[in-house]
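>>> My questions are about this predicted structure, shown below with the sequence.
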Amino acid sequence: MYTIEKSNFGRLEKGRSILDIPTSFVVFDLETTGLDSKMDEIIEIGALKVVDNQVVDTFEMFVRPKTSISPFITQLTGITNEMVKEASRIEEVLPLFLEFVDGFVLVGHNVNFDVNFIYDASMCLFLKPFSNDFIDTLRLSRKLLKNLYRYKLGEIAHYYGIDTTGSHRSLKDVEMTLAIFYKLQEEIINQYGSFEAFQNANSYVPVRARDIEVTHSAFDTKHPFYQKYIVITGTILGMTRKEAMQILRNKGAYLEDNVTNRTDFLLVGTQKGNRKSTKLRMAESLQNQGSSIEILPASVFFGNLKEESKI
């Protein structure tokens with residue numbers, strides 16, 4: 001069973017996930033030893049700085065972790081322990097990256113995952129929050145490419161005819177993400193006529209569980225959310241409440257607005273003022289009474305998405 005720790009409600013000074021089309025920004029991507037930003041380590045950072053829609057600078061550095069890179073991560077990324085053995089530690093690399101992105105909006109694919117790693121490392125090492133706002137091409141893709149079943153970076157690249165050779169290395173993934181970002185901007189104009197119309201169409205509207213309908217009929221019956229009753233509380237960083245609910249519904253979950261005795265999972269996002277919501281307090285009360293309800297931090301949810309959104 002997952003438990004809520006105080007650290008899960010941190011990152012109070014983290015930047016916002018925004019829907020915007022800036023002309024100057026930094027696209028970035030990390031390779032890491034795992035999915036947990038509090039336990040795993042960054043092993044590569046890649047970034048491109050774009051000013052007035054022109055790439056003006058590149059950042060690409062290995063990071064030497066304190067633990068060994070597993071065979072699985074080596075197979076996935078192509079990064080070996082030999083490749084990073086002479087690299088600098090994160091204490092030296094991170095300040096250079098923070099300087100590189102200072103003052104810029106960030107762009108990435110499922111970028112909330114990467115932002116969390118940078119935020120946690122910066123706080124751990126320097127007690128300095130990472131507050132850059134960010135734009136998520138995964139979030140944009142879900143809004144604009146309704147005909148796709150999955151939204152992995154590689155699958156979106158293939159959809160647009162973008163070369164994926166060398167993927168799962170930070171800078172290559174950054175180049176793919178930048179190309180996809182420009183394609184998605186074209187989608188916005190084609191579908192909405194203007195960016196302003198796109199923003200207005202995707203402004204916040206309160207959503208109820210009963211309003212979320214399944215948009216496809218194929219379910220993974222082995223998924224842990226399949227045919228489970230799920231409630232959401234707090235802010236889900238990196239996507240709207242409706243988007244999070246739609247993802248869960250498409251995995252075969254039964255959505256509810258309030259925690260009850262039949263609730264299987266409570267998905268907990270950032271809490272206002274770092275205070276526990278009524279739903280969270282109710283779930284904890286039920287647990288104390290012997291209920292099997294599980295309380296899932298948003299980081300677990302995003303960890304799941306990380307696995308599904310990369311190549």
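Noted; the coordinates are in hand. Numbers count the residues shown, from 1 in each chain.
>>> Residue 219 contacts residue 253, correct?
No: taking CB atoms under 8 Å as the definition, residue 219 is not a contact partner of residue 253, at 9.7 Å. C-betas here are computed from N, CA, C, even on glycine.
>>> which one of those two has more residues nearby?
Set side by side, residue 219 and residue 253 show more neighbours around residue 253, with 25 against 15, by other CB atoms under 10 Å.
>>> Can you give me the neighbour number for residue 46?
By the criterion of other CB under 10 Å, residue 46 has 22 neighbours.
>>> hang on, it is in a helix, isn't it?
No: the assignment for residue 46, made by DSSP: H, G, I helix; E, B strand; the rest coil, is strand rather than a helix.
>>> Please list all residues in contact with it.
By CB atoms under 8 Å, 6 or more residues apart in numbering, residue 46 lies in contact with 28-30, 59-60, 169-174.
>>> okay if I get those residues as JSON lines plus distance to residue 52?
As requested, those are arranged in JSON lines below (distance: CB to CB, whole Å):
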{"residue": "28", "distance to residue 52": "19"}
{"residue": "29", "distance to residue 52": "22"}
{"residue": "30", "distance to residue 52": "26"}
{"residue": "59", "distance to residue 52": "19"}
{"residue": "60", "distance to residue 52": "22"}
{"residue": "169", "distance to residue 52": "27"}
{"residue": "170", "distance to residue 52": "24"}
{"residue": "171", "distance to residue 52": "21"}
{"residue": "172", "distance to residue 52": "24"}
{"residue": "173", "distance to residue 52": "23"}
{"residue": "174", "distance to residue 52": "18"}
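>>> Buried members of these into ChimeraX, please.
Listed next is the ChimeraX selection for buried residues among those, using 16 or more other CB atoms under 10 Å:
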select :28,29,30,59,169,170,171,172,173,174
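>>> Domain parsing of this protein, as residue ranges.
According to automatic domain parsing, the chain comprises the domains 6-199, 209-309.
>>> can I get these in a markdown table with mean pLDDT?
Shown next, in a markdown table, are the domains of the chain (pLDDT from 0 to 100):
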| stretch | mean pLDDT |
| --- | --- |
| domain 6-199 | 93 |
| domain 209-309 | 84 |
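>>> quick one on the thing from earlier: need the overlap of contacts for residue 219 and residue 253.
Applying CB under 8 Å, 6+ apart, one finds that residue 219 and residue 253 are jointly contacted by residue 226.
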